[in-house]
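Trainee: The following comprises the amino acid sequence and a computationally predicted model.
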2 protein chains.
Amino acid sequence: MNIGHASKRTGLPVKTIRYYEDIGLVAPDRAENGYRDFGAPQIARLNLLAQARMIGFTLEECRSLIALEENPSRHSRDVRRLAEQNLNSVREKIASLQALEARLTGLISQCHGDEAPDCAILDGLSDTAKRTA
Amino acid sequence: MNIGHASKRTGLPVKTIRYYEDIGLVAPDRAENGYRDFGAPQIARLNLLAQARMIGFTLEECRSLIALEENPSRHSRDVRRLAEQNLNSVREKIASLQALEARLTGLISQCHGDEAPDCAILDGLSDTAKRTA
DNA sequence: ACTTTACCCTCCCCCTACTGGAAGGTTTAG
DNA sequence: CTAAACCTTCCAGTAGGGGGAGGGTAAAGT
């Protein structure tokens, strides 16, 4: 299966697949004409990568995940720990975005939003003192 | 005020301040020895940038914000619209992170997390079919 | 006066995770 | 036989900076 077909099968852009090969996350065979040739294991690998990326794993975390997947004597505990680390960082991001949302909402509610130049948002952002707004 | 002092006053790293000058977000004077010299308006500008970045504005959005701030005949409506766009993208990010959190939580709960190699997380990620997990 | 330390300057490369495009070879459809 | 649709490698760019080289200055200690 050449790269275009692999792309359609996995949903990953062609460029991305080449990039993953570059950084050693997948190793397709090569046909005689130099074209990449993806077999079932490589397609499975790309699917794993696509899924892991979708749930927020970085490429380095994907690399660890792959190492575990390839290791038949792995402990599911290690996979779980990887996922839990990720869950924690997702939760942290959510928390800080929610704080952001609150601050933005507060600022917006104080701005008249009319033709006048006076703006509570600009004031709230430039005033270093009353950063409570 | 030279750049080190400006950094302490605004909380922005020295490198960041230089970068902001590079891309035209702040224009400090220069002393005779070539050192940057930040006056009160430049410090205020840096504070605005620091605050705007903290509430999630991109540097391009900061540029728009600055254009509005500098325009005495601005409408607070325009500032408000900028902030609202930002609020929307923050909310979208929160929503997708929450979806992620749900999926991760579901996967993790199915993994035994013991010494055995069998892992519901690996299964859930590699199995293209039952992506519901 | 001299030295050390703490600044400051510019310039270039590095990061993540890709994306776009140029220049060129290959294969397939009409 | 040609044109479209593939494929290849390589180079450059994105956001928002960080690290460090190489070199000039300034302030403080001795």
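Mentor: Yes, it's here.
Trainee: does any bit of the strand or helix carrying A:Ile66 sit next to DNA strand C?
Mentor: Assigning secondary structure by DSSP states H and E places A:Ile66 in helix A:59-70. Yes - with CB under 7 Å from any atom of the strand as the measure, helix A:59-70 is seen reaching DNA strand C through A:Leu59, A:Glu60. Heads up, the C-betas are built off the backbone N, CA and C, glycines and all.
Trainee: ok now whatever helix or strand comes next after that helix, how far from the chain's centre?
Mentor: Per DSSP H and E, the first helix or strand lying C-terminal to helix A:59-70 is helix A:76-110. Computed by CA atoms, centre = their mean, to the nearest Å, the chain-centroid distance of helix A:76-110 equals 14 Å.
Trainee: anything in helix A:76-110 near DNA strand D?
Mentor: No - Helix A:76-110 is not in contact with DNA strand D by CB under 7 Å from any atom of the strand; minimum separation 13.8 Å.
Trainee: Just the buried positions in that helix, please.
Mentor: A:76, A:78-80, A:82-84, A:86-87, A:90-91, A:93-94, A:97, A:100-101, A:103-104, A:107-108 (16 or more other CB atoms under 10 Å in any protein chain shown).
Trainee: and chain A, which of its residues are near DNA strand C?
Mentor: So chain A meets DNA strand C at A:Pro13, A:Lys15, A:Thr16, A:Tyr19, A:Glu32, A:Asn33, A:Gly34, A:Arg53, A:Thr58, A:Leu59, A:Glu60 (CB under 7 Å from any atom of the strand).
Trainee: Nearest to A:Asn47, out of those residues: which one, please.
Mentor: A:Arg53 (10.8 Å; CB to CB).
Trainee: Can you say which helix or strand has that closest one in it?
Mentor: helix A:40-54.
Trainee: and A:Ser64, what is it in contact with?
Mentor: A:Leu82 (CB atoms under 8 Å, 6 or more residues apart in numbering or on different chains).
Trainee: what do you get for the one 4 residues further on?
Mentor: Contacts for A:Leu68 were tallied using CB under 8 Å, 6+ apart; they are A:Arg74, A:Asp78, A:Val79, A:Leu82, B:Leu122.
Trainee: Would you quantify the distance from the second one to chain B?
Mentor: With the distance defined as CB to the nearest CB, to the nearest Å, A:Asp78 ends up 9 Å from chain B.
Trainee: What sits closest to that residue if chain neighbours are left out?
Mentor: A:Leu68 (5.8 Å; CB to CB, 6 or more residues apart in numbering or on different chains).
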